[in-house]
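**Q** Just need the structure, nothing else, for what follows:
(chains A and B)
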Amino acid sequence: EAQVTQNPRYLITVTGKKLTVTCSQNMNHEYMSWYRQDPGLGLRQIYYSMNVEVTDKGDVPEGYKVSRKEKRNFPLILESPSPNQTSLYFCASSPTVEAEAFFGQGTRLTVV
Amino acid sequence: GENVEQHPSTLSVQEGDSAVIKCTYSDSASNYFPWYKQELGKRPQLIIDIRSNVGEKKDQRIAVTLNKTAKHFSLHITETQPEDSAVYFCAASMGTGGFKTIFGAGTRLFVKA
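**A** Below you'll find the predicted structure:
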């Protein structure tokens, strides 16, 4: 089954404790993105990747890192989480940037 | 920077009526305009999309129109049903010079039975 899988689904952590949210897709897509969703602000792109070892900043990259060592995986790293990073996060993949994006189930992160 | 404005933020219609959601984008390099539907507690899913070389596209009760000159695109849902109740997002993507995808803030559609 074609899918994008994120883990964990829910995470509560403390300020400053490094965390990683994993994302994996099995559709051989080249383009992958991370978004955060906040009420009234829609989906804001954090980082995107055009292909292996090619990543670039989206609109809200501050406080986040990503890597793309393999085509299928695109982890999101928060080196020192802060309460303003409390949000719902979605990973998405698509064949190219100009194609349908398939979203993961979402990760609800709370930083206290 | 690039921006996509979406209106209205909330829309309430009677079952069977039509619903229209409008978006305006700022970057003329945008070439791909998808619409996503997000039901409560679920992930966004594509319902229709349009490319810059097409002015209109229809899929059953859903249609999208694009005016590239004015940088406007709209979603039209006819004969609305209660299951159309959801949040709808428009987006604009560009394949050159940025490779970003910018989403609108979303429209919460209520269809009253």
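**Q** can I have the lengthiest strand in chain A written out in PDB, keeping just the CAs?
**A** Counting residues, the longest strand found in chain A (DSSP state E) is strand A:42-51. The C-alpha trace of strand A:42-51 is given here as PDB (Å, rounded to 0.1, in the frame of the first residue of the first chain):
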ATOM      1  CA  GLY A  42      -2.900  26.900   7.500                       C
ATOM      2  CA  LEU A  43       0.000  24.700   6.500                       C
ATOM      3  CA  ARG A  44       3.400  26.400   6.600                       C
ATOM      4  CA  GLN A  45       6.400  24.700   4.900                       C
ATOM      5  CA  ILE A  46       9.400  24.200   7.100                       C
ATOM      6  CA  TYR A  47      11.800  22.400   4.800                       C
ATOM      7  CA  TYR A  48      11.700  20.600   1.600                       C
ATOM      8  CA  SER A  49      13.900  18.200  -0.400                       C
ATOM      9  CA  MET A  50      14.100  17.900  -4.100                       C
ATOM     10  CA  ASN A  51      16.100  14.600  -3.900                       C
END
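**Q** what does that strand rub up against?
**A** A:30-38, A:55-61, A:64-66, A:68, A:71, A:74, A:76, A:89-90, A:97, B:6, B:44, B:89, B:91, B:99-106 (Cβ atoms under 8 Å, 6 or more residues apart in numbering or on different chains). Backbone N, C-alpha and C define where each C-beta goes, glycine included.
**Q** which residues of chain A fall in helices?
**A** Using DSSP state H, no helices are assigned anywhere in chain A.
**Q** Contact residues of it facing chain B?
**A** Proximity of chain A to chain B, by Cβ under 8 Å from any Cβ of the partner chain, involves residues A:31, A:33, A:35, A:40-45, A:48, A:50, A:56, A:58-59, A:90, A:96-101, A:103-106.
**Q** re the thing from before, just the ones in strands from the contacts of strand A:42-51, please.
**A** A:31-38, A:55-57, A:65-66, A:76, A:89-90, B:6, B:89, B:91, B:101-103.
**Q** Could you list the buried residues of stretch A:72-81?
**A** A:72, A:74-76, A:78, A:81 (16 or more other Cβ atoms under 10 Å in any protein chain shown).
**Q** Stretch B:71-81 too?
**A** Buried residues in stretch B:71-81 (16+ other Cβ under 10 Å): B:71, B:73-77, B:80.
**Q** B:K37 is in what secondary structure piece?
**A** Assigned by DSSP states H and E, B:K37 belongs to strand B:32-38.
**Q** Need the three-state assignment for the residue nearest to B:D27 when sequence neighbours are not counted.
**A** Here the nearest residue to B:D27 in space, its sequence neighbours aside, is B:E2; by Cβ to Cβ, 6 or more residues apart in numbering or on different chains that works out to 4.4 Å. Judged by DSSP: H, G, I helix; E, B strand; the rest coil, the three-state class of B:E2 is coil.
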